[in-house]
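S.K.: Next one to model:
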Amino acid sequence: MTKRPSHQYATPVLLGVLMFASNFMNTGIFTFGGNDFAVWFVISLLCFACGYYMNKNFGWHLGGKVDFSIIIAVTVLSILLISFFRDYFSANELLTENLILYSLRNITLGSMALFGMAIDEVLHREREATVLEEKLKTYEQQLQDARKEAELELREAKVKAEKIVNDAEILSKNIVLKKERIERELREFIQTERELLKRYEES
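M.R.: Numbering: from 1, shown residues only. A predicted model of the protein is given here:
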């Protein structure tokens with residue numbers, strides 16, 4: 001197992017710090033009159049960026065496990081902190097509901113990090129798909145060129161084979177013609193010899 005550089009662990013730590021720091025924000029985070037929503041948006045964006053870089057450093061599977069572990073750890077730590085310091089967090093009344101809301105806050109920020117990881121993973125897969133598509137086009141072009149080359153070589157082989165067959169046919173015809181000529185000359189020679197013998201016998 002390869003040892004990771006220590007600076008890669010800064011992103012998960014930062015994500016945990018951001019999630020934990022969200023506990024100290026005002027509970028009315030979606031009030032548009034103040035700056036709470038802007039702060040919440042910035043923290044969410046930072047968690048998204050942390051998830052994006054976590055996916056680059058740890059990958060989808062390990063990064064997802066790290067993100068899930070951070071969500072669990074920060075949520076448990078937040079519940080303990082809020083339970084012990086109820087007065088500061090105004091959680092005396094409806095303690096259970098407040099704990100659920102703070103936990104949902106941490107889970108939401110962790111989900112933003114997971115969303116950032118998913119975006120990076122999708123972009124990474126798209127780049128891989130583009131590279132594979134280019135390779136596939138190259139292979140298809142090479143295959144098409146190989147087919148054309150094979151067809152050309154097959155045509156050349158057919159032409160050479162036809163030439164060999166034609167040459168063989170011409171050679172065999174020449175041999176047959178020579179044989180017929182020799183046989184004819186031999187018959188003529190034998191006929192001439194017979195006539196000479198016959199004349200010799202008559203004389």
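
S.K.: avg pLDDT for the lengthiest helix in the chain?
M.R.: In the chain, with assignment by DSSP state H, the single longest helix is helix 95-202. Helix 95-202 comes out with an average pLDDT of 87.

S.K.: Show me what that helix is packed against.
M.R.: The criterion is 3 or more CB pairs under 8 Å, 6 or more residues apart in numbering; DSSP states H and E, and the helices and strands that helix 95-202 contacts are helix 10-21, helix 36-84, helix 86-89. C-betas here are computed from N, CA, C, even on glycine.

S.K.: Mind checking those helices for the one nearest to Lys137?
M.R.: Put simply, out of the helices and strands packed on helix 95-202 the one that sits nearest Lys137 is helix 36-84, at 27.3 Å, with distance taken as CB to CB.

S.K.: about what we covered before: now the helices and strands packed on helix 95-202 as a markdown table including mean pLDDT and distance to Gln191?
M.R.: Compiled in a markdown table, the helices and strands packed on helix 95-202 are given as follows (pLDDT from 0 to 100; distance: least, CB to CB, whole Å):
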| stretch | mean pLDDT | distance to Gln191 |
| --- | --- | --- |
| helix 10-21 | 86 | 113 |
| helix 36-84 | 86 | 102 |
| helix 86-89 | 68 | 137 |
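
S.K.: quick one: which of the ones you listed is nearest Glu140?
M.R.: When the helices and strands packed on helix 95-202 are compared for distance to Glu140 using CB to CB, the nearest one is helix 36-84, at 30.1 Å.

S.K.: What angle do helix 95-202 and that closest one make with each other?
M.R.: Orientation of helix 36-84 against helix 95-202 (axes from the mean of the first three to the mean of the last three CA atoms, to 10 degrees) gives an angle of 110 degrees.
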